[in-house]
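S.K.: model the following, please.
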Amino acid sequence: MLKDLAYARSGDKGDIVNIGVMAFSPENYQLLKKKLTPEKIKEHFGSDVKGDVVIYKMPNLNSLEIVMNGALGGGATRTLALDQTGKAKGQSLLYMEIDAD
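M.R.: Numbers count the residues shown, from 1 in each chain. Okay, here's the model as predicted:
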C-alpha cells in the first residue's frame, strides 16, 4: 500500500482537491513517480473525481503534488459529500495498492 512508502497531506480550493505525497526515501520516490499515474488515481477514487488529475513532480522534496479537478461535488458549500473539504482524500489515497515489483 502507498502508506508503506509515503505520507500525505490534502486540502481543497473550490471543487479541486490537492494532495501532497511525500516519499519516505528517494527510492520510494522513484517508485511513486512510476506507479502513481492520473489513471490509477482516478481508478482509486472512482466516480468521486469527475475532472482531470494532474501530477506535479517535486524531486528536491521527494514529493508529488496531485491535483484532482471536479473532486468535491461542486465545492464545500455545494456538496453533500461527508468530506466536504477534501481533508480525508490524502488518507484515502494512502490505502491505494502499489505494486512494488
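S.K.: CA only for contacts and neighbour counts going forward, please
M.R.: Will do.
S.K.: so which residues of the chain form helices?
M.R.: Applying DSSP state H to the chain gives helices spanning 26-35, 38-45, 89-93.
S.K.: tell me what the last one is packed against?
M.R.: Under the contact criterion of 3 or more Cα pairs under 8 Å, 6 or more residues apart in numbering; DSSP states H and E, the helices and strands touching helix 89-93 comprise strand 6-13, strand 16-23.
S.K.: try 10 Å
M.R.: Here helix 89-93 touches strand 6-13, strand 16-23, helix 38-45, going by 3 or more Cα pairs under 10 Å, 6 or more residues apart in numbering; DSSP states H and E.
S.K.: need the winner for burial among these.
M.R.: Per residue and on average, the most neighbours among the helices and strands packed on helix 89-93 fall to strand 16-23, with a mean of 23 (mean count of other Cα atoms under 10 Å).
S.K.: between strand 6-13 and that one, find me the angle.
M.R.: 160 degrees (axes from the mean of the first three to the mean of the last three Cα atoms, to 10 degrees).
S.K.: tell me the strands beside strand 16-23, with direction?
M.R.: strand 6-13 (antiparallel), strand 63-69 (antiparallel) (DSSP bridges).
S.K.: so where is the chain shaky, pLDDT-wise?
M.R.: 73-85, 101 (pLDDT under 70).
S.K.: I am finished for the moment; much appreciated.
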